[in-house]
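[1] I need the structure of the sequence given here:
(chains A and B)
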Protein chains: 2
Amino acid sequence: MLQWLRNYRRASLTGDISAGIVVALMMIPQGMAYALVAGLPPVAGIYASILPPILYAIFGSSMTQSVGPMAIISLMTAAALAPLAAPGSGLYIVLAAQLALASGAVLLLCGLLRLGYVANFFSRPVMSGFTIGAAIVIALGQVKVLAGGTLAQVHIPSAILGGGAIAVLLLAKRYLARLLRRAGVSDSAADIGARLAPMLVVLGAMLLSSLLDLPGLGVQSTGEVPAGLPGLNLATSSTHWRALLQPALLIGFMIFLLGMSAAQTLALKRQEKLQSNMELVGLGVANIGSALTGGLPVTGSLSRSGVNFAAGANTPLASIITGVLLALALVAPTGWLALLPLPALAATIIVAVLGMLELDTLRTSWRYDRGDALALLATAGGVIALGVDVGVVLGVLLSLGTLIWRASRPHIAVLGRIAGTEHFRNIERYPAGTVPDVLMLRIDANLFFGNVEAVNARIEDELALHPAARHLVLVMTAVSSIDTSALFGLGELNLALRQRGIGLHLAEVKGPVMDRLKASDLLGTINGRIFLSAAMASDALAVK
Amino acid sequence: MLQWLRNYRRASLTGDISAGIVVALMMIPQGMAYALVAGLPPVAGIYASILPPILYAIFGSSMTQSVGPMAIISLMTAAALAPLAAPGSGLYIVLAAQLALASGAVLLLCGLLRLGYVANFFSRPVMSGFTIGAAIVIALGQVKVLAGGTLAQVHIPSAILGGGAIAVLLLAKRYLARLLRRAGVSDSAADIGARLAPMLVVLGAMLLSSLLDLPGLGVQSTGEVPAGLPGLNLATSSTHWRALLQPALLIGFMIFLLGMSAAQTLALKRQEKLQSNMELVGLGVANIGSALTGGLPVTGSLSRSGVNFAAGANTPLASIITGVLLALALVAPTGWLALLPLPALAATIIVAVLGMLELDTLRTSWRYDRGDALALLATAGGVIALGVDVGVVLGVLLSLGTLIWRASRPHIAVLGRIAGTEHFRNIERYPAGTVPDVLMLRIDANLFFGNVEAVNARIEDELALHPAARHLVLVMTAVSSIDTSALFGLGELNLALRQRGIGLHLAEVKGPVMDRLKASDLLGTINGRIFLSAAMASDALAVK
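    Numbering: from 1, shown residues only, chains lettered A, B, ... in the order given. From the prediction side, this is the model:
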């Protein structure tokens, strides 16, 4: 914690300052936009951008992570609060902060319990499917803000403004960096300039709004943004803790997953090592900070952290500068923010989340592993059809379901000897010879509760195919662990084979596995021997 | 389906008939007792013992499974219905059948979708913990029936009857088989006689009840059991389908797990093979049958199926006989059943569930794998403290959690050459020599989303310990599969190593893994080579 501060080198300062400023410029419209997604007044998003980046800088482990409001977490916040209060109402605002507090407490507790490994409960395809589904839900939700009404009753001036903003943003995304580069701006500065397009679009829309009196035409705007720093918010609704528990668990989980995945991507580029338990603590404290200032649940965002990194952030000092600048923005006059037309803000949200629709994972997994591709599509479909909260549970079940499903189809090879050698290989792939009374099976999986029945069933099938076998040798080259369930499974196999007069032998058992087995009864009761190699087993057992 | 009937041999008939009769004798008090556990009138348990064994005999896959009411499933039924209706009320009875219908539909659907592998979501220690926790909850719940009131207000005659029944049952469990054997009864008949002790105790208690006028003393009895077969029950409460959905999923899951584990134990003894998808269908149809006759959710019970097996059941015909006999019991006069004193029935329940408290799994896992032992204790504690429904979810999370937790600590060995040979071994266990510019790591785990970050982190650690390495060779002997997440992880490792000028090579990649990798981009972009063996990699890469 704060190790970076003790070793701070002056050379890092320029990068940190410029990144802090750039991210602050990005964060003002983004914070307001994601508060809108969460059903909150825009200022809540700015409140949630002050303490969280500063606290994460102190407690987190990534050097370039930028913590603040994030589209998917805001969507989950809206979904969690919808059954409890009317969006934008006083209770709703209190509950949003309370949800941040509860999520932060969950994260902090998990960090203190060193549960960082829960980040591994989502496979990448499922994570990609979740992101795609959430992005589509968010974009669809903003269409009516963009259109200034339902699709049946489009408000023309709003739709023109919103549609125009989308067009400008898409063009900027495509061409702005190139244009800036041609104008002589350095590569990295051009990239950063292009990433600030949403800020420019928002400013332009505000200018248009005041020049053309868009509010007079019926275009909705954010409304007054109260000036001044947020007070210390200690308001909670004591009757809603129970209702918020489950959403807090799900949102805490996704805060961690999304934050880790953003941090990991940048850590790889910087050859840094992340501490998952420190990430839990950092994100937990950041959310508690957001709650204390009347904000909403926050996490690291890949796009924002990417800008932070690209703009030169060397240390978390950049995030501290961002947080301070956002506080200053609230101390300055904020009257002008009230002019911000909502359709333009909705346009920035839609373009931002469309950027999350990456299809590379789908493409790769479709070719490489159809099951993973189907899990991706099912998760995306689940988020869209059943909601973002059901999507999280579905994602965990699909990740682990594919794992258990695969485990229930273990690869087991019948081994034979390559003539004239000590080598035993899969007889289906090599010209290897077997002897009828010794059946040698190589189990290509760690043995655990998920495959114990399937492995025993496969062994029985092979024994049925080799009725002359008097000895079964399990070649354990690929078995790196045997859990308690599998230990019982081996015990049952041993008993069943003993009754039929078939010996059960093990060969090439790995050191750590053998150490473990010595603590069990299996080695004492096994109806056979333990051999160092497959060749030694075959030599000892085959009828000469 | 009904294959056993086409191949029926007359030699099986004697065994099937005697088993059918013995199980029917066992099922009458058991069905009434487990209806009591579920909060239902006793006759519901008998209704649930007619069609379910017959339908399972037609659709199931086990030869000796005995399907009917079961203690843990009744406990789950009571827990599911408690928030919806008052135990014993008309609505409660309708909802119990509706829950059986919903659970049966879930099972049937899972069977048709071939989801039999979900049986692998519970590890054995977790299953054992769940059973222990449920047994304790059931026993505690019956104590007040046994005592005829709360512990503060014990009803003396009830407590004497109940306590006496427990003593007789425990003594019978311990000594009856031995006594019968000494009296010249054959071993198997003596065992079966001992298992019928609950029936005898119940009959004895009924006799006592009428001789001593126990109801007059205030001892509660079952009350009138309506004679006659159950009518076709089509009553459902349309407003409660949604509330029953989640319980039906959890109960369906446990019906399958408990049924499979009972069937599996007997299948091992008979060297039979179970079809998990047929089990789903069989149990699903059995539950739908129970619903149609106004019963409750049912499954196979290990103790009852064990009696069926021991009494000589050769085919499911035994279960059909059982079902028919239970129907006949209802056609006969049932007035005498009304005399059954509840404390004696509670005594049979308590002794039966105490038999489920097997501690062998705890003992073994405590010595063999502390993590599994803790998962067992946590599941048992969860069932007792948080309820049986939370216990199911907790069990799945703990099973899969230990799996993911272990995966996040992959075993990776640094390999060196055993001097003068082609063999490469873990340098920590063997006197093996390394060369500084080639780091050879053997990954002892299948690569999947659960360990991809951990594996990459371990590799980075090893590279930091071996700064002179210009080549990294991953020896894949123990890697039997690489999922999409791990494929991306390898791609990222490849990219990171390329930037640092370190080659990434693979050795001893298994056939099926290589086949898969050929469908990906990795082999085209890898910054190194694929070697057949570790020795070939070392020879080719080491600076001479």
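
[2] what does the stretch 151-300 of chain A put close to chain B?
    With C-beta under 8 Å from any C-beta of the partner chain as the criterion, the stretch 151-300 of chain A meets chain B at residues A:Gln264, A:Leu268, A:Gln271, A:Lys273. Heads up, the C-betas are built off the backbone N, CA and C, glycines and all.

[3] which residues does the last one contact?
    Same thing as A:Lys273. Shown in contact with A:Lys273 (C-beta atoms under 8 Å, 6 or more residues apart in numbering or on different chains): A:Ala267, B:Ala457, B:Glu460.

[4] For it, give me the pLDDT.
    pLDDT for A:Lys273: 80.

[5] Next: the second one.
    A:Leu268 is assigned a predicted lDDT (pLDDT) of 79.

[6] That one - how many residues pack around it?
    If you count neighbours by other C-beta atoms under 10 Å in any protein chain shown, A:Leu268 ends up with 17.

[7] Contact partners for A:Leu280?
    A:Leu107, A:Leu108, A:Cys110, A:Gly111, A:Leu115, A:Gly116, A:Phe256.

[8] sorry, back to before: determine which two of the residues of the stretch 151-300 of chain A next to chain B are furthest apart.
    Maximum pairwise distance in those, criterion C-beta to C-beta, is 12.2 Å, between A:Gln264 and A:Gln271.

[9] Which one of these two is surrounded by more residues?
    A:Gln264 (21 against 11).

[10] What ranges in chain A fall below the confidence cut-off?
    A:1, A:544 (pLDDT under 70).

[11] switch the cut-off to 80
    Within chain A, the ranges that satisfy pLDDT under 80 run A:1-2, A:234-238, A:268-269, A:271, A:543-544.

[12] Spatially central residue in it, please.
    A:Leu257 (3.3 Å; C-alpha atoms, centre = their mean).

[13] how close does it get to A:Ser128?
    12 Å (C-beta to C-beta, to the nearest Å).

[14] can you check A:Met260 too?
    15 Å.

[15] now A:Met26
    24 Å.

[16] Report the residue ranges of every domain in chain A.
    Domain segmentation of chain A under automatic domain parsing yields A:15-358, A:412-541.

[17] A:Ala159 and A:Ala344 touch, don't they?
    No. The criterion here is C-beta atoms under 8 Å, and A:Ala159 misses it with A:Ala344 at 11.7 Å.

[18] Those two: which is more packed in?
    A:Ala344 (33 against 17).

[19] still on that earlier bit, which one of the domains of chain A is the most hemmed in?
    domain A:15-358 (a mean of 21; mean count of other C-beta atoms under 10 Å in any protein chain shown).

[20] Next, the distance between the ends of that one.
    29 Å (C-alpha to C-alpha, to the nearest Å).

[21] what about stretch A:366-382, near chain B?
    Yes. Using C-beta under 8 Å from any C-beta, stretch A:366-382 comes into contact with chain B via A:Arg367, A:Tyr368, A:Asp369, A:Asp372, A:Ala373.

[22] right, and the domains of chain A - which one's nearest A:Leu5?
    Taking these one by one with C-beta to C-beta, domain A:15-358 is closest: 7.7 Å.

[23] where along the stretch 251-400 of chain A do the strands fall?
    A:299-300 (DSSP state E, counting those that start in this stretch).

[24] For the domains of chain A, give me a markdown table that also has distance to A:Ser399.
    Output for these, formatted as a markdown table (distance: least, C-beta to C-beta, whole Å):
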| stretch | distance to A:Ser399 |
| --- | --- |
| domain A:15-358 | 4 |
| domain A:412-541 | 13 |
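
[25] So for B:Ala205, which of those domains sits nearest?
    domain A:412-541 (38.5 Å).

[26] any idea how far the closest one is from the chain center?
    39 Å (C-alpha atoms, centre = their mean, to the nearest Å).

[27] repeat for stretch A:406-422
    Centroid displacement of stretch A:406-422 relative to its chain, using C-alpha atoms, centre = their mean, is 37 Å.

[28] Is it positioned near chain B?
    Yes. Contact of stretch A:406-422 with chain B (C-beta under 8 Å from any C-beta) involves A:Arg406, A:Ala407, A:Ser408, A:His411.

[29] for that stretch, how far is the first residue from the last?
    End to end - C-alpha to C-alpha - stretch A:406-422 spans 32 Å.

[30] which residues are contacting that stretch?
    Contacts for stretch A:406-422 (C-beta under 8 Å, 6+ apart): A:371, A:423-428, A:430-434, A:439-445, A:448, A:450-451, A:453-455, A:458-459, A:462, A:475, A:533-535, A:538, B:117, B:120, B:480-481, B:483, B:512.

[31] what's the answer for stretch A:424-437, then?
    A:413-419, A:440, A:442, A:466, A:468-471, A:475, A:534-535, A:538, A:541-543, B:511.

[32] if you set the cut-off to 6 Å instead, what comes out?
    A:Ala413, A:Val414, A:Leu415, A:Gly416, A:Arg417, A:Ile418, A:Ala468, A:Arg470, A:Ala534, A:Ala542, A:Val543, B:Gly511 (C-beta atoms under 6 Å, 6 or more residues apart in numbering or on different chains).

[33] Tell me if the first one really is in a strand.
    Yes. With the criterion set as DSSP: H, G, I helix; E, B strand; the rest coil, the secondary structure at A:Ala413 is a strand.

[34] so it bridges to which residues?
    A:Arg442 (DSSP bridges).

[35] Check the fifth one too.
    Judged by DSSP bridges, the bridge partners of A:Arg417 are A:Phe424, A:Gly433.

[36] and the stretch 401-544 of chain A, which of its residues are near chain B?
    Residues of the stretch 401-544 of chain A lying close to chain B (C-beta under 6 Å from any C-beta of the partner chain) are A:404-405, A:408, A:411, A:429, A:444-445, A:449-450, A:477-478, A:480, A:484-485, A:487-488, A:492, A:496, A:511, A:519-520.

[37] Fine by me, thanks again.
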